[in-house]
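**Q** This is the structure alone, sequence omitted:
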């Protein structure tokens, strides 16, 4: 083991609890490389720890293809329909040591219509996995279930590209996340009336920044305002910029992180960028993660660097 | 958590209160790049007016925190709790009269240090130095519109910002960059525009102007 790999392994401390560290990979836009990044991050981390990828891109799952599995025995639908009782039974071994997959492959056609109870059941099931690290690969869009999976994780990674369409969707995703968080806190605090008032004046609120909205709530109700602030601050958010074509695109990554702070009031770390590279589609053709197909490529080096930044930045979480 | 209009200068620049002058400068340059009114990073988040206000505050923050005595006075206000609304908030009039963002003057030593860190500086902001592009600019002999556009994009300069700064119509710059010679005005004007454009891009104005005018002459003859 080289010195740098050993150092990284040492940074990943032993899990002192029985639950795995959960990393969610999301972002509003489709086709920006969430599944690609998930599979390669999993390959990197599986060199040090037991890793399970859970494909929650429900209805459009393809982690099994990214990780080179042609078919799977069980799927998430089996767990939701109680055909499978224990979530661990969904884990399929992959061809890579220390790396398992819970696939969404061949899910039932109504899998995209998850209820809150389904989401809670899945989150509870994910926490029972025996791996050290679980990586959730989320789908595009701003469905409540997707946002809830994203915020339930110990580390939430937003993937975006430098194009305006991607940036717009990333911010849209964060706005929905903000409102979803508000909703959860209001209900947890038995503040249904406040919530109803907020929703009734949603148009007015949308003209304000999330920061300002929280401040307004705090001025009216200190307990509620403080609870929302604590909830937002507990989010361990970071951003990865994918498919960059020019070095100064990196500024967009720093920019998204900064906007999270100034506009959303959420601390966000920029983990790094991945270049647009033909090595990626070449690896996809082989149904292999680029970290395996072309470990010397600049893309693989960039993913390793991002993973190290993630590991090194997780002082807030218990495990990484 | 607070709105950016109520953040301290340190929060605005996202630095600690013990940040060195170099760190202040780097944070300022980075923030100016991120929050330029046409920056993609603020798309759908801040309006142009809000971006102008934010830039105004960033300028204030830099001018205060990079000046030893002003910073000490500001720190004292923060420590004694006299910090309420220390910023000069940008008014609507400020916004309307706002000039395109132009960087404060840096000393040649500042620029050398930043270049050593891979950061290039123009009047309008910063860009990441790419040695291959820098070499290409040194070696280039033919400066047509396509090459000028390439340099502008490389140096992270927005066309609108450039037009506002030079007070030259955007259609003229479009015609220059697109080598659309039929849409260009009389030769004497073109020479002036290309010269100013080259100066703003940090290129050898004489060399660029001579080259562009030779191409224009060949086409018009």
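**A** Done, it's in. What you are looking at is a predicted structure, and each value in this text was computed from that prediction instead of being measured.
**Q** So for whichever residue of the stretch 151-300 of chain A sits closest to chain B, what pLDDT did the model give?
**A** Here the stretch 151-300 of chain A gets closest to chain B at one residue, residue A:255, 2.3 Å apart by CB to the nearest CB. No exception for glycine: its C-beta is placed from N, CA and C like everyone else's. At residue A:255, the pLDDT value in this model is 93.
**Q** Could you do residue B:92 as well?
**A** 35.
**Q** Identify the residues contacting residue 69.
**A** Picked chain A for this. A:92, A:94-95, A:101, A:103 (CB atoms under 8 Å, 6 or more residues apart in numbering or on different chains).
**Q** Show me chain B divided up by domain.
**A** Domains of chain B are assigned by automatic domain parsing as B:4-97, B:130-220.
**Q** thinking again about what came up before, will you turn the contacts of residue A:69 into a markdown table that also has secondary structure?
**A** Shown next, in a markdown table, are these (DSSP: H, G, I helix; E, B strand; the rest coil):
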| residue | secondary structure |
| --- | --- |
| A:92 | strand |
| A:94 | coil |
| A:95 | coil |
| A:101 | strand |
| A:103 | coil |
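**Q** neighbours around the residue of the stretch 1-150 of chain A found nearest chain B, how many?
**A** Closest to chain B within the stretch 1-150 of chain A is residue A:28: 11.4 Å, counting by CB to the nearest CB. Neighbourhood size, residue A:28 [other CB atoms under 10 Å in any protein chain shown]: 26.
**Q** how would you label it: helix, strand or coil?
**A** Put simply, residue A:28 is coil when judged by three-state DSSP.
**Q** One more: residue A:52?
**A** The three-state label given to residue A:52 by three-state DSSP is strand.
**Q** Need the nearest residue in space to it, chain neighbours excluded.
**A** Counting by CB to CB, 6 or more residues apart in numbering or on different chains, residue A:131 is the residue found nearest to residue A:52 once chain neighbours are left out, at 4.1 Å.
**Q** wait, doesn't the one you found sit right on residue A:18?
**A** No. The pair residue A:131 / residue A:18 is not scored as a contact, 11.6 Å apart, by CB atoms under 8 Å.
**Q** Between these two, tell me which one has more neighbours.
**A** residue A:131 (24 against 8).
**Q** coming back round to it: TSV for the contacts of residue A:69, including pLDDT, neighbour count and distance to residue A:158?
**A** TSV is the format used below for those (pLDDT from 0 to 100; neighbours: other CB atoms under 10 Å in any protein chain shown; distance: CB to CB, whole Å):
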residue	pLDDT	neighbour count	distance to residue A:158
A:92	92	20	27
A:94	94	23	26
A:95	92	10	29
A:101	95	27	23
A:103	89	25	24
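**Q** Same list as before, the residues you listed that is, but in a markdown table and with distance to residue B:109 included.
**A** Below are the contacts of residue A:69 laid out as a markdown table (distance: CB to CB, whole Å):
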| residue | distance to residue B:109 |
| --- | --- |
| A:92 | 60 |
| A:94 | 55 |
| A:95 | 56 |
| A:101 | 55 |
| A:103 | 59 |
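**Q** Report the contact partners of the residue of chain B at minimum distance from chain A.
**A** Using CB to the nearest CB, the single residue of chain B nearest to chain A is residue B:41, 2.3 Å away. Applying CB under 8 Å, 6+ apart to residue B:41 gives the contacts A:167, A:251-252, A:254-256, A:258-259, B:34-35.
**Q** now chain B, which segments are flagged as low pLDDT?
**A** B:1-3, B:80-107 (pLDDT under 70).
**Q** what residues does it put near chain A?
**A** Residues of chain B lying near chain A by CB under 8 Å from any CB of the partner chain: B:1-4, B:7, B:14, B:30-31, B:33-35, B:39-46, B:54, B:127-128, B:130, B:156.
**Q** Give the ChimeraX command for selecting the buried subset of these.
**A** The following ChimeraX command selects only the buried members of those, with burial defined by 16 or more other CB atoms under 10 Å in any protein chain shown:
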select /B:1,3,4,7,14,30,31,33,34,35,39,40,41,42,43,45,46,54,127,128,156
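**Q** For residue A:304, give me its contacts.
**A** A:44, A:291.
**Q** doesn't it fall inside a helix?
**A** Yes. Judged by three-state DSSP, residue A:304 forms part of a helix.
**Q** quick one: it and chain B, what's the gap?
**A** Noted for residue A:304: a distance of 21 Å to chain B, by CB to the nearest CB, to the nearest Å.
**Q** in the helix ranked longest in chain B, what counts as buried?
**A** Ranked by residue count, the top helix of chain B under DSSP state H comes out as helix B:48-65. Counting neighbours by 16+ other CB under 10 Å, one finds that the buried residues in helix B:48-65 are B:50-62, B:64-65.
**Q** by contact count, what packs against that helix?
**A** If you count contacts as 3 or more CB pairs under 8 Å, 6 or more residues apart in numbering or on different chains; DSSP states H and E, helix B:48-65 packs onto helix B:9-13, helix B:21-34, helix B:68-79, helix B:92-97.
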